[in-house]
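need a 3D model of the sequence below.
(chains A, B and C)
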Amino acid sequence: MNTENNHHLNQLNSAQEEAVKHINGPLLVLAGAGTGKTKVLTSRIAHLIATKNALPSQILAVTFTNKAAKEMVERVEKILGYEVPGMYIGTFHSISARILRKNAELLGLTSSFNIIDMDDQLRLVKRILAELNIDTDQVNPKAVVNQISLWKDKAIKASDVDDIGSYHGNYYDAVKQVYKLYNDELQRSNSCDFGDLILHVINLLASNEACQNYYNKKFKYILVDEYQDTNVSQYLWLRLFAQGHNNICCVGDDDQSIYGFRGAEIENILRFEKDFNGAKIVKLEQNYRSTAHILNAASKLINTNQKRHGKTLFTESEGGKKITILSNWDDNAESNSIIQEIETLKIRQHKLSNIAILVRAFFQTRSIEEALLNEAIPYKIVGGLRFYERKEIKDIIAYLRVVNSDSDNLALERIINVPKRALGAAAFAKCNDYSRTKDVSIYTAISELLKNSLVTGKAKAGLEEFTSLINDARQMLQNSSLKDLAKFIIERSGYEEMLKASKEVNIDTKLENLREFCEALSEFHNLDEFLEHVSLVNELQDQNSEDSVNILTLHSAKGLEFDTVFLTGWEEGIFPHQRSLEESGDKGLEEERRLAYVGITRARKKLYISYANNRRIYNKWQVSTPSRFLRELPDEAIELKGSGTRFNNSYQKKTSSFNTTSAAKFKVGDNVIHTSFGEGNVKSLIGDVVEVNFESGKCRFVTANSLKSNCV
DNA sequence: TAGATACAGCCTATC
DNA sequence: GCTGTATCTA
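Numbering: from 1, shown residues only, chains lettered A, B, ... in the order given. Next up, the predicted model:
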């Protein structure tokens, strides 16, 4: 290799270089915080291309966010020094959607299938519960949506729920009935939820050999970012794509697995060597971000966790400033002491944008914001409502979805009576019934009901008004810009009028949002492109560019870094959060501790940790005790400040106990007996879910606790 | 269908 | 204590 081809290896340390140069076979890169994870990923892609091991189109790189995907492309191109079109770099969902649009017919969809969001899911579940006469006091619709999503995350099909031992009883009988009807309804309306995007691709590859061969050949090298965040479905998805060549490189950090609540399985990364035979593991342990004190604190704290690969981060940088623990009488005092420190930093010419205040939960921001406002320190809250998630914007998008697709029943349901057209529950039920009986979309049903004079009175007038609006809009779609189309809908539907006549307080903001929305539409070439963007690339908008302090949650801080970081509310109940402990026990506690680790390692130069002895929560005063995590920090790295009660450092370390996952009882190839399916053979293990080839010939996913081993 | 009233829920979140 | 939503009543 000549040096010209080699510049992508510049500036890598030996571990990083080892990871980049490992070409074939499974590779796990355990990358501690600030150790150059993205650098390795992007250098590796550049290396594969520069050495001609792969064409750009043979590379599949998967991320969890669009931001990460975008950054990856940019950095690969920067390393190589030229534009690299054709790489498949994107989120699990956008890549899945792309593949599904090509193969939709094989799954009973059309290539223009709709992607639905949480609002749609909830609306659908409510409708189904009502149709089944299930009382929403008994079965909470939101909980059902969560359960269904979680089942999809675990690749548990509606027909498989019965096999899972832990879902028994009347409640689950109801939920799984809803699950089945929910899926039927999605199929009927040519729609996918986010879980389906992954599951359909799994089905496509698993059931169609030609298809699987095609993609196994096409994607020679697979790269996965943030592997610790993958759920069971994503894991199965990856295995299918890696089948045959096993050229899969997963990068992640088990110590930063903080998304258990949305289905992530830390076991995936802990199990990597077992899943992929002959896997090579490279640990990146040199940290380039933080001072030694900060790093030592993070290391000592995370070392309390039992379930981890175990890395020892080191740095060549100096001790730096000690971590300041700010103790305070109450939450207002906490905010004020933070603001005081910020004032000092300001005087010393620190940029405010290099300062971050991290909270466990959003309610903590109230008193912090008040204090910042008092002192006129500019701040921004990172996260929160995205532009396209605003109600008024979603309503107009629903109109566009109906204009775009006859089959989008859920979008239609959202806006058929917004603004009011005298089309209430009864009218909608009539359209829905007709649509089911005749097996046509609801929009078609409406047209036919009108044509055949099957509706009368106010409902007839309302439906006529609605269809004429949609039909006119469809005409416009042919020869007008999207911007004009949206403007037309907002006016002609009476939406604008409705807003103006309403007594809401923020009408002007909403009208302004709608105007902004119309402007934003001009960036898109067609409606399909826009709708795909809205569902899959809904990015956070950049707020004011003024130099301001960042306030964000620990979760959204992952992947970011700041010179100065304030970690707030280190009190039992808030952090670790009560509900994590109640719902997930030791497992929950370890995840909270990883969250603390993520928080600490965000700081480059100076870290503050604060707590209050008293806190007003939902307007009730509560006495709080300092977080146990404080006692897990090394004495030599911290200094105490403030007038609140000191925390007791002579605390006996509580040894945490673990229930070994029941799946650990089994291994691939074991003969097992299932409580209701009889004898079978273990095909694979995913967390506490076991894939079993049953003697009946059927292969199913079941939970470990519904299985007994069947050794002679 | 507007307006009043009752009532639950209140942690984190990408696509 | 506040907020969004479900349900009831005129």
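
any idea which helix or strand carries residue A:156?
Secondary structure assignment for residue A:156, by DSSP states H and E: no helix or strand.

residue ranges in the stretch 401-550 of chain A under the pLDDT threshold?
A:540-544 (pLDDT under 70).

contacting residues for the residue of the stretch 601-712 of chain A found nearest DNA strand B?
Evaluated by CB to the nearest atom of the strand, the stretch 601-712 of chain A has residue A:618 as its residue closest to DNA strand B, separated by 4.8 Å. Using the backbone N, CA and C atoms, a C-beta is placed for each residue, glycine as well. When contacts are counted by CB atoms under 8 Å, 6 or more residues apart in numbering, residue A:618 is found next to residue A:363.

quick one: it from residue A:610, how far?
When distances are taken as CB to CB, to the nearest Å, residue A:618 and residue A:610 turn out to be 21 Å apart.

is it true that residue A:50 touches residue A:9?
No. Under the criterion of CB atoms under 8 Å, residue A:50 lies out of contact with residue A:9, with a separation of 9.1 Å.

so what touches the helix or strand harbouring residue A:215?
Element membership for residue A:215 (DSSP H and E) is helix A:209-218. For helix A:209-218, the surrounding residues in contact (CB under 8 Å, 6+ apart) are A:57-58, A:99, A:103, A:106, A:204-206, A:240-241, A:243-245.

could those go into CSV alongside pLDDT and neighbour count?
As requested, those are arranged in CSV below (pLDDT from 0 to 100; neighbours: other CB atoms under 10 Å):
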residue, pLDDT, neighbour count
A:57, 97, 14
A:58, 98, 19
A:99, 97, 19
A:103, 96, 18
A:106, 95, 14
A:204, 97, 21
A:205, 97, 23
A:206, 95, 16
A:240, 97, 18
A:241, 97, 24
A:243, 94, 15
A:244, 92, 11
A:245, 95, 16
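
in helices only, show me the residues you listed.
A:99, A:103, A:204-206, A:240-241 (DSSP state H).

near DNA strand B, which residues of the stretch 551-700 of chain A show up?
By CB under 7 Å from any atom of the strand, the residues of the stretch 551-700 of chain A that approach DNA strand B are A:553, A:555-556, A:577, A:579-580, A:583, A:618.

the same query, at a cut-off of 10 Å, please.
A:552-558, A:574-584, A:588, A:591-592, A:595, A:617-620 (CB under 10 Å from any atom of the strand).

which of those are buried?
Using 16 or more other CB atoms under 10 Å as the burial test, these include A:552-555, A:557-558, A:574-577, A:580-581, A:588, A:591-592, A:595 as buried.

what is the burial count for residue A:523?
Around residue A:523 sit 11 other residues, with neighbours defined as other CB atoms under 10 Å.

three-state assignment of it?
Residue A:523 falls in the coil class when you classify it by DSSP: H, G, I helix; E, B strand; the rest coil.

how near is it to DNA strand B?
In this structure, residue A:523 and DNA strand B are 18 Å apart, going by CB to the nearest atom of the strand, to the nearest Å.

how close does residue A:599 get to DNA strand B?
When CB to the nearest atom of the strand is applied, the distance between residue A:599 and DNA strand B equals 12 Å.

hang on, that residue in a helix?
Yes. Counting by three-state DSSP, residue A:599 is located in a helix.
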